[in-house]
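**Q** Sequence and predicted model, in that order:
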Amino acid sequence: MASPSQHADFTLKETNPYLGAKRREKTSTYDLVEQMEYLYVRVVKAKNLPGKDISGNSDPYASIKVGNHVAKTKVIEKTVNPEWNQVFAFGKDKFHAPSVEITVKDKDAIKDDFLGHVSFEIVEVPTRVPPDSPLAPQWYKLEGRKGENKNLGEIMLAVWKGTQADEAFPDAWQSDTGGHSHSRSKVYLSPKLWYLRVNVIEAQDLLPSDKGRYPDVSVKVQLGFQALKTRISSNRSTSPFWNEDLLFVAAEPFEEQLNITVEDRISPNKDEILGKMQIGLSSITRRIDHRQVTSRWYNLEKHQGDLKKENKFMSRIHLRICLDGGYHVLDESTHHSSDLRPTAKQIWKAPIGVLELGILGASNLIPMKTKEGRGTADAYCVAKYGQKWVRTRTIVDNFQPKWNEQYNWEVYDPCTVLTVGVLDNSHLSNAVSEKAAGSKDTRIGKVRIRLSTLESDRLYTHSYPLLVLHPSGVKKMGELELAVRFSCSSFLNMMNCYSQPLLPKMHYLHPLGVAQLECLRNAAMRIVSLRMSRAEPPLRQEVVQYMLDVDSNMWSMRRSKANWFRIMGVLSGMIAASHWFSDICLWRNPVTTVLVHILFLILVWYPELILPTIFLYMFLLGAWQYRFRPRHPPHMDPRLSHAETAEPGELDEEFDPIPTSKPQEIVKARYDRLRAVAGRIQTVLGDLATQGERFQALLNWRDPRATAIFITFCLIAAIILYMTPFRLVAILFGFYVLRHPRFRSKMPGVAMNFFRRLPALSDLML
């Protein structure tokens, strides 16, 4: 068990950053982040530089020095009139030096030659505030080392002070990122996903090699790594019939071909290809509703054979193929989806608001790798909502990184989830790690925020604990400070969302099976991770899989325990109500019991008050609970997840990959434990089945005497209830249930004794 201090360390903390939104200043779109000051140097070009080579040319580059920090432009070979057009941004912590110096040098194999330099006093540098136009670069004469004014050429520069709101910032070389190209902030879009439906109807004129046997024909359809196969046709002939639907996930732009192969099962491990064909996805019909598209006959190509007999090969297949745009392609865990819209854009509804996220910074990060013998961290953030992914720049070698980047998303449904993850960049060229060069980016932590838990137009600024589960237990990796605001454009439209189906209507008109949806979701996750890893800079597969919770459905004893206690938490209210009613029946508090008797008599005498009383009670209970409503957004709860109390063996099993890498003894012990747990579940399921079969035995005459007793009782009860007023029956029944303990017996009642004697089908089980 973790100590109370550790529990407190996992809590959410409200912060008070100095934001433009709180100062009510709107000088730029960056009102949810703190302003970060930068010194910008734009090096455009130079002319008339001295030639250092025999040919009279040079290989010039510019070096910008601010204090102890140095940045360099690219080298332009064999010219005295180079053009660089590069921008450099130095953070405020870098320009405490009195001046900025730009030096032009000639690249040489042994030692770079000095060509000239120019310097500026930082206090004299002007400040630019958007939306001012960009500062125009000017020509400056290059000076010698000692300030002599020789004919060393000129350089075109622009130097100014600004913030991260400057339009030059995203593409500039940045001092806090180390200038790496893969460390800049980027916005990514998930590929547009479609469900590809292939209805395999029939085939004609197939030519099996063995004409003396009836063929066992099936159709294999493959799209990229996805491959599905129909059942073997029930009519074993050369014109088989299936009428079977196969579903795939396709992503725009369509790159793969749809490969269709007709196969004949010759033996259990051998198939003969009777024909094949390919279809380009760009030519396939798209639909947005359940109306069927036109089917087509396609000619099959012979897999092998004499080319001279190719014209005699007349086999063909009947298919109905379409891209279903009326579904939402699930590519993330269904419990915290960020987008529920259908694929087809023409049936999207109007957005109901805007989500604004300010990623301020992280604090107290722990070392993620070693560099030059000391611990370091190169952290960056990834945020996902809908099809839009954002990645902040990587802050190198810093345990207290400050990003101060702001992003916006359109919101179409308030019951969606924003996910923000923090990772350590293991792919920087100067990050010499103990790991291999091809190592994966390491997880630092993740935050989920459900939009429906946020109040409209309220700014939330909190520091979220970054928790990661390791084989040794849950560990706090640091804290992430975020500013979040959900602005609603139409209150009525947002209220209307709560009355609409969660998914597009095609999911209800033509629902997909649970197992089928799970397979399609796994395929969609894999497609998204592969496509995002091909971007530049890449959003690597391990990052996308972490954000999409690819392993959320994997078996875990810890998760199973957590879900069990979640169920008990849901049922706790019913359990508490049953205990309260038991105390009423046992007269533990006579005054309360008498009041319940009076209320019962009123409701029986005036039954029209029952429903209004229930709804009034619900209203009063909800109004009372308003005082205790959550004041902060929810965050990862290690206690709810049972991460703090998980046994080491359970965590070791949770992190064990498939197939397992553990010794045979450990696998056997886990299997035996799983069998014991499954045995208890089996017993509970058997008990539930037994009770249901006893209810059926009341009327199915398996026990003739019991059924005769029950139907005789039903006849007598029907006669009595026809003759007796209902209110009187209800009052007598209520007073019987609420009778005093002196009129009760500890022995079970007649009805329970009769029910427990009824037969069940458990007698027939082997």
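**A** Nice, thanks for sending it over.
**Q** Of all the residues in stretch 136-153, which ones are buried?
**A** By 16 or more other C-beta atoms under 10 Å, the buried positions in stretch 136-153 come out as 137, 140, 142, 152, 153. Placement of C-beta: from N, CA and C, glycine included.
**Q** Need the max-distance pair from these.
**A** Maximum pairwise distance in the buried residues of stretch 136-153, criterion C-beta to C-beta, is 18.5 Å, between 137 and 152.
**Q** In this structure, where's the longest helix?
**A** helix 664-696 (DSSP state H).
**Q** Show me what that helix is packed against.
**A** Packed against helix 664-696, as judged by 3 or more C-beta pairs under 8 Å, 6 or more residues apart in numbering; DSSP states H and E, are no other helices or strands.
**Q** how does it look with 10 Å?
**A** Helix 664-696 is packed against helix 557-585, helix 648-654, helix 750-756, with contacts defined by 3 or more C-beta pairs under 10 Å, 6 or more residues apart in numbering; DSSP states H and E.
**Q** Give me the helices and strands touching the second one, please.
**A** With contacts defined as 3+ C-beta pairs under 10 Å, 6+ apart, the secondary structure elements packing on helix 648-654 are strand 459-470, strand 473-488, helix 557-585, helix 664-696.
**Q** Worst mean pLDDT among the helices and strands packed on helix 664-696?
**A** Ranked by mean pLDDT, the helices and strands packed on helix 664-696 bottom out at helix 648-654, with a mean of 83.
**Q** ok, and the closest non-adjacent residue to the residue positioned nearest the centre of the chain?
**A** Geometric centre of the chain, nearest residue: residue 548, 3.3 Å, by C-alpha atoms, centre = their mean. In this structure, residue 548 finds its nearest non-sequential neighbour in residue 332, 4.7 Å apart by C-beta to C-beta, 6 or more residues apart in numbering.
**Q** Can you give me every residue that contacts the one you found?
**A** 190, 338-339, 384, 417, 419, 521, 524-525, 528, 547-550, 552 (C-beta atoms under 10 Å, 6 or more residues apart in numbering).
**Q** can you check residue 65 too?
**A** 71, 72, 90, 97, 99, 100, 101, 102, 103, 117, 119.
**Q** which one of these is nearest residue 594?
**A** residue 90 (80.3 Å).
**Q** send the alpha carbons of the helix or strand harbouring that closest one over as PDB?
**A** Per DSSP states H and E, residue 90 falls inside strand 83-91. Output of strand 83-91 as PDB, limited to C-alpha atoms (Å, rounded to 0.1, in the frame of the first residue of the first chain):
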ATOM      1  CA  GLU A  83      21.500  33.200 -49.700                       C
ATOM      2  CA  TRP A  84      20.400  31.500 -46.400                       C
ATOM      3  CA  ASN A  85      17.000  33.000 -45.500                       C
ATOM      4  CA  GLN A  86      17.000  31.300 -42.100                       C
ATOM      5  CA  VAL A  87      15.500  32.500 -38.800                       C
ATOM      6  CA  PHE A  88      16.900  31.900 -35.300                       C
ATOM      7  CA  ALA A  89      15.000  32.300 -32.100                       C
ATOM      8  CA  PHE A  90      16.900  32.500 -28.800                       C
ATOM      9  CA  GLY A  91      15.000  32.100 -25.500                       C
END
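**Q** buried ones in that strand?
**A** Neighbour-count burial for strand 83-91 flags 84, 86, 87, 88, 89, 90, 91 (criterion: 16+ other C-beta under 10 Å).
**Q** Using pLDDT, spot the least trustworthy of those.
**A** Ranking these by pLDDT, residue 91 lands last with 85.
**Q** how far away is that residue from residue 99?
**A** Counting by C-beta to C-beta, to the nearest Å, the gap from residue 91 to residue 99 is 17 Å.
**Q** Same check on residue 84?
**A** Taking C-beta to C-beta, one finds residue 84 at 21 Å from residue 99.
**Q** Surely residue 692 and residue 755 touch.
**A** No. Judged on C-beta atoms under 10 Å, residue 692 makes no contact with residue 755 at a distance of 11.9 Å.
**Q** Please say which of those two ends up with more neighbours.
**A** A side-by-side neighbour count of residue 692 and residue 755, using other C-beta atoms under 10 Å, places residue 755 first with 17 against 12.
**Q** Return the residues in contact with the more buried one.
**A** Contacts of residue 755 by C-beta under 10 Å, 6+ apart are 691, 694, 695, 697, 698, 706, 710, 748, 749.
**Q** Which one of the residues you listed is nearest to residue 174?
**A** The closest of these, once distances to residue 174 are taken by C-beta to C-beta, is residue 691, at 67.8 Å.
**Q** which stretches of this structure have low pLDDT?
**A** 1-8, 20-29, 94-95, 147, 149, 304-313, 429-438 (pLDDT under 70).
**Q** Report the distance from the very next helix or strand once past the strand holding residue 90 to the chain centre.
**A** Reading on from strand 83-91 to the C-terminus, the next helix or strand found by DSSP H and E is strand 99-106. When distances are taken as C-alpha atoms, centre = their mean, to the nearest Å, strand 99-106 is centred 47 Å away from the chain's centroid.
**Q** What strands flank strand 99-106, and is each parallel or antiparallel?
**A** strand 60-66 (antiparallel), strand 113-121 (antiparallel) (DSSP bridges).
**Q** starting at the chain centroid, how far to the first one?
**A** Right, the one you point to is strand 60-66. Mean-position distance between strand 60-66 and its chain equals 43 Å (C-alpha atoms, centre = their mean).
**Q** buried residues in it?
**A** So for strand 60-66, counting by 16+ other C-beta under 10 Å, buried means 60, 61, 62, 63, 64, 65, 66.
**Q** Who are the contact partners of the second one?
**A** Contacts were defined as C-beta under 10 Å, 6+ apart; by that measure residue 61 touches 43, 72-77, 82, 84, 103-107, 112, 115.
**Q** any idea how far residue 472 is from it?
**A** 49 Å.
**Q** what's near enough to touch residue 348?
**A** Taking C-beta under 10 Å, 6+ apart, we find residue 348 in contact with 341, 342, 412, 504.
**Q** now the strands for the stretch 51-200 of the chain?
**A** 60-66, 69-72, 83-91, 99-106, 113-121, 138-141, 154-163, 173-174, 186-189, 193-204 (DSSP state E, counting those that start in this stretch).
**Q** any chance of these in a markdown table, plus distance to residue 32?
**A** Shown next, in a markdown table, are the strands of the stretch 51-200 of the chain (distance: least, C-beta to C-beta, whole Å):
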| stretch | distance to residue 32 |
| --- | --- |
| strand 60-66 | 29 |
| strand 69-72 | 29 |
| strand 83-91 | 20 |
| strand 99-106 | 31 |
| strand 113-121 | 33 |
| strand 138-141 | 35 |
| strand 154-163 | 14 |
| strand 173-174 | 20 |
| strand 186-189 | 17 |
| strand 193-204 | 31 |
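**Q** for the ones you listed, which one sits closest to residue 364?
**A** Nearest to residue 364, of the strands of the stretch 51-200 of the chain and by C-beta to C-beta, is strand 83-91 at 20.4 Å.
**Q** by contact count, what packs against that closest one?
**A** strand 37-47, strand 60-66, strand 69-72, strand 99-106, strand 154-163, strand 173-174.
**Q** which stretch among those strands comes nearest residue 718?
**A** Comparing these by C-beta to C-beta, strand 154-163 comes nearest, at 83.5 Å.
**Q** now the angle between strand 37-47 and the closest one, please.
**A** Here the directions of strand 154-163 and strand 37-47 differ by 170 degrees (axes from the mean of the first three to the mean of the last three C-alpha atoms, to 10 degrees).
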